[in-house]
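Colleague: fold the following.
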Amino acid sequence: MIKVLENQFYYLDNFQRVLDWIGERYSDLLADDEKAFLGLFPSLPQPSRALFVRMVMRKGTLFRASKLNYAEIGCAIEAARHLPAGWIEPDPVLSLDSLFELLSKPEIGTIFQLSLHQKGARKSEQLAALRAGFGAARKFSAWHRDCTDQVFHILVKPLCDRLRLIFFGNFRQDWTEFVLSDLGVYRYEQVEFSPASRGFRSRRDIDHYLELHHCKERFQASATAEDVLRSLPSGEFENDWLNSRRERLLFQVAQHYEKMKDWSHAYSLYARCSFPGARGRAIRVLEKNKQYALAYQMLIAAQRAPESEAERQLLLRISPRLTRQLGRPTTRAPRSPAVSTLELRLPMPNAQWWVEGVVRDHLARADAPVFYVENALINALFGLLCWRAVFSAIPGAFFHPFHRGPADLYSPDFHQRRAAEFSACLAELDADRWRDTIRANFAAKRGIQSPFVAWDAIDADLLELALACIPAVHLKKMFERILLDVQANRTGFPDLIQFWPAERRYNMIEVKGPGDRLQDNQVRWIAYCATHQMPISVCYLQWLEPAA
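Modeller: The predicted structure follows:
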C-alpha cells in the first residue's frame, strides 16, 4: 500500500540526507566548492533551502518565481533573497530562445506586438520569425518591461549534479529515488556499508567519470566520432568499473563506424577494445572488408580461448565462410544435441492475440497448466535461493541505500568475489533445504528490488508448481550457467513452461511464430538444456489458411 507523505519538507530532508552521507563517506574526495556548499547549505533559512532544492530537482536552470508556487515555502522571491549570490542569479540575461522557454503564447504576442495571424502560429514558428530582429540577449526585465514576475537562473546545478553522482555512482538515478522509496513504491534491501563501500575511490575517479559522461552525451547528441575519440580519456584508469565504461563507449563508436561501412576505423577501434564482443566484431569487419587472411588469423587465436559462449557461437558461424574464401578445408561445427520440436497449425484468432498466448492457451489442460514466464521464473528461483549471496555486503558492491542489485553485477569476477556465498546457496540444492529457503525469501523479501526477481511476474501458485515439478539437479545446472556470465545468461529462457503436478515434471517451450527464428542466446540455452537432459521444446506455429 502506497503511503502518504505528511512531511511537507520531505524533499529537503532527503537532499540533506545526501549531503550528510557524502560528507561522512567522501569528504576526502571533495573539491573546495563542494565542501563549501556542504558547510553553508544547512545554515540557510528553511524556506530558502526548500526553494533551492525545488529548483535543483526540476528540469532546466531558469525558473519564473510565479511558477515556484509551494505552500510550505511561501513567497519565492523572499526565499530567494537569502540564497548566496553565487548560487542563483536574479533577472539573468536571456537569449531569445531562452526567453521563449519561459513565456506563454499570450505574453509573446503582447511583448512583440504580434499580428492576429502571427499570434495563431506555433511558438516555434513565432521564434523563427523573430530571430532576425531580436538577436541580442538582454535581461528578462528588459524583455518583459511591464511584468512583475521575476526569473532566477540557478548557477550551481552542475555542482549539485556532481554531488548526486558521488552519492549514486551514476547519472541514471536521481532525487525521485528517495520519494518513491518514502512512498513505498520501491523498496530496497538493507545492506551494511563498510568504510570501503564507495563507488569512487579518488577524486580522479570522479573526474574521469565526468569526462566519460561528457563524451557519451556528445556522441549521443550526434557529435562526430572523431571529435568524441579526441576527447576520450586514454590510458588505463585505476578503477576497473570506469575502464569498462570507457570500453563500452569505444565499442559503441566502433559500431557507428561499422554501420557507416568505414571498415578501417571500425576495425581499429574493435581491435583495441576489451568490451565483450569486440574481438568477434573485429573479425567480422575484416571479413566484410575482404581481408580474409587477417580475419582467419584472428579467428584461430580466438578459437583457442573464446571469451564467452556468445563469442564461441559467433566464431563457429564465421569459420566456414573464411575457410571457403581461403580455400582451406572446411570443418563442420559440432552437431547440436537433438531438441524436441512441436509443429502447430492453428486458426488465427479474431480478437486481440499474441503468439505465445495462443500457444499457451492451446496447450494448457486442467491437469497440465501452461504459464508464460520467459526469463522471469528461473531468474526468480535463482534470486530467491541466492538472495544472501547477491546482496553480500562486500566492498564496492553497495555504496548507497538505493541499489537494485550490486554495482558489479555484470563484472567478470562477480561470482568469484562471492564464491563462498554462492557455493553455500547452491549446496542447499543437494539437500532438502532449498525449497524452504525460496519460500522464506519469497515471503520475507516480497516487493524488495532485485536484479533477478520480477515480483509482478510470479505468484505463490506458480512458485509452488515450480518447486514441486523442477528437480533440484536441473535448477543447479541452470543456476551454474547464470553465474558463468550473468549479463548474457539471465536472458534467452524459453517463453512457456508446462507443469504436470501429478507426475512432478515440466517442459520448457520456446515459441516461434511465422517468419520468426531463434535468437543466439535462445539457441545457447536450448543447447545447454538439451545437453543436460532438461526437458525443452521448440514450438513452430503456422496459421491455418482461412476457408475459401
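
Colleague: show residues contacting stretch 209-220.
Modeller: Stretch 209-220 is contacted by residues 162, 165, 171, 200, 225, 227-228, 231-233, 242, 245-246, 249, 252-253, 256 when judged by C-beta atoms under 8 Å, 6 or more residues apart in numbering. All C-beta atoms are positioned from the backbone trio N, CA, C, and that covers glycine.

Colleague: now it: average pLDDT?
Modeller: Averaging pLDDT along stretch 209-220 yields 95.

Colleague: touching the lowest-mean-pLDDT helix or strand in the chain from outside, list them.
Modeller: Least confident element among the helices and strands of the chain, by mean pLDDT, DSSP states H and E: helix 176-182 (a mean of 79). Helix 176-182 has contacts (C-beta under 8 Å, 6+ apart) with 3, 5, 10-11, 14, 17, 168, 186-188, 401-402.

Colleague: what are the buried residues along it?
Modeller: The neighbour-count check on helix 176-182 (16 or more other C-beta atoms under 10 Å) flags 177-179, 181-182 as buried.

Colleague: centre of the chain versus the longest helix along the chain, how much separation?
Modeller: When the chain is parsed with DSSP state H, its longest helix is helix 240-259. Taking C-alpha atoms, centre = their mean, to the nearest Å, one finds the center of helix 240-259 at 16 Å from the center of the full chain.

Colleague: and the residue most central in space within the chain, what pLDDT?
Modeller: Central residue of the chain (C-alpha atoms, centre = their mean): R172, 7.9 Å from the mean position. On pLDDT, R172 comes in at 91.

Colleague: and if you look at N350?
Modeller: 84.

Colleague: on that earlier part again, how about the residue nearest to the centre of the chain, secondary structure?
Modeller: What DSSP: H, G, I helix; E, B strand; the rest coil gives for R172 is coil.

Colleague: can you name the residues that contact D367?
Modeller: D367 touches 500-502, counting by C-beta under 8 Å, 6+ apart.

Colleague: pLDDT, distance to R145 and secondary structure added to the residues you listed, as a markdown table?
Modeller: As requested, the contacts of D367 are exported to a markdown table (pLDDT from 0 to 100; distance: C-beta to C-beta, whole Å; DSSP: H, G, I helix; E, B strand; the rest coil):
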| residue | pLDDT | distance to R145 | secondary structure |
| --- | --- | --- | --- |
| W500 | 98 | 80 | strand |
| P501 | 97 | 79 | helix |
| A502 | 97 | 84 | helix |
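
Colleague: what is the nearest of the residues you listed to S450?
Modeller: The shortest approach to S450 among the contacts of D367 belongs to P501, at 26.9 Å (C-beta to C-beta).

Colleague: ok, the closest one - how many residues close by?
Modeller: 14 (other C-beta atoms under 10 Å).

Colleague: again, but for F37
Modeller: So F37, with other C-beta under 10 Å, has 20 neighbours.

Colleague: with K290 instead?
Modeller: Count around K290 with other C-beta under 10 Å applied: 10.

Colleague: next one: F52
Modeller: Neighbours of F52 (other C-beta under 10 Å): 25.

Colleague: picking up where we left off before, could I have the buried ones of the contacts of helix 176-182 as ChimeraX selection syntax?
Modeller: Those of these that count as buried under 16+ other C-beta under 10 Å are selected in ChimeraX with:
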select :11,14,168,186,188,401
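
Colleague: of the contacts of helix 176-182, which one scores lowest on pLDDT?
Modeller: Comparing the contacts of helix 176-182 by pLDDT, K3 comes last, at 56.

Colleague: so who does E89 touch?
Modeller: Taking C-beta under 8 Å, 6+ apart, one finds 152-153, 155 in contact with E89.

Colleague: just those: which are in strands?
Modeller: Counted as lying in strands by DSSP state E, out of those, are 152-153.

Colleague: of all the contacts of E89, which comes closest to D28?
Modeller: L155 (26.1 Å).

Colleague: ok, that closest one touching W87?
Modeller: Yes - counting by C-beta atoms under 8 Å, W87 is a contact partner of L155 at 6.0 Å.

Colleague: going along the chain, name the strands of the stretch 401-548 of the chain.
Modeller: 496-500, 505-512, 536-543 (DSSP state E, counting those that start in this stretch).

Colleague: compute the inter-axis angle for the second one and strand 536-543.
Modeller: What it means is strand 505-512. 40 degrees (axes from the mean of the first three to the mean of the last three C-alpha atoms, to 10 degrees).

Colleague: mean confidence for strand 505-512?
Modeller: On average, strand 505-512 scores 97.

Colleague: contacts for it next, please.
Modeller: 342, 355-356, 359, 363, 370, 466, 469-470, 493-500, 518, 522, 526, 529, 534-541.

Colleague: same question, the last one
Modeller: Strand 536-543 is contacted by residues 339-348, 355, 358-359, 494, 496, 507-514, 518, 526, 529-530 when judged by C-beta under 8 Å, 6+ apart.

Colleague: that older thread, what subset of the contacts of strand 505-512 is buried?
Modeller: 355-356, 359, 363, 370, 466, 469-470, 493-499, 522, 526, 529, 534-541.

Colleague: got the buried residues for the longest helix of the chain?
Modeller: Buried residues in helix 240-259 (16+ other C-beta under 10 Å): 241-258.

Colleague: which stretches of the protein have low pLDDT?
Modeller: 1-5, 333, 546-548 (pLDDT under 70).

Colleague: what sits against the nearest residue to W387 once chain neighbours are set aside?
Modeller: Nearest residue to W387 in three dimensions, chain neighbours excluded: N441, at 4.8 Å (C-beta to C-beta, 6 or more residues apart in numbering). Counting by C-beta under 8 Å, 6+ apart, N441 touches 384-385, 387.

Colleague: right, and the helix or strand after the longest helix of the chain?
Modeller: Using DSSP states H and E, the helix or strand that directly follows helix 240-259 along the chain is helix 263-271.
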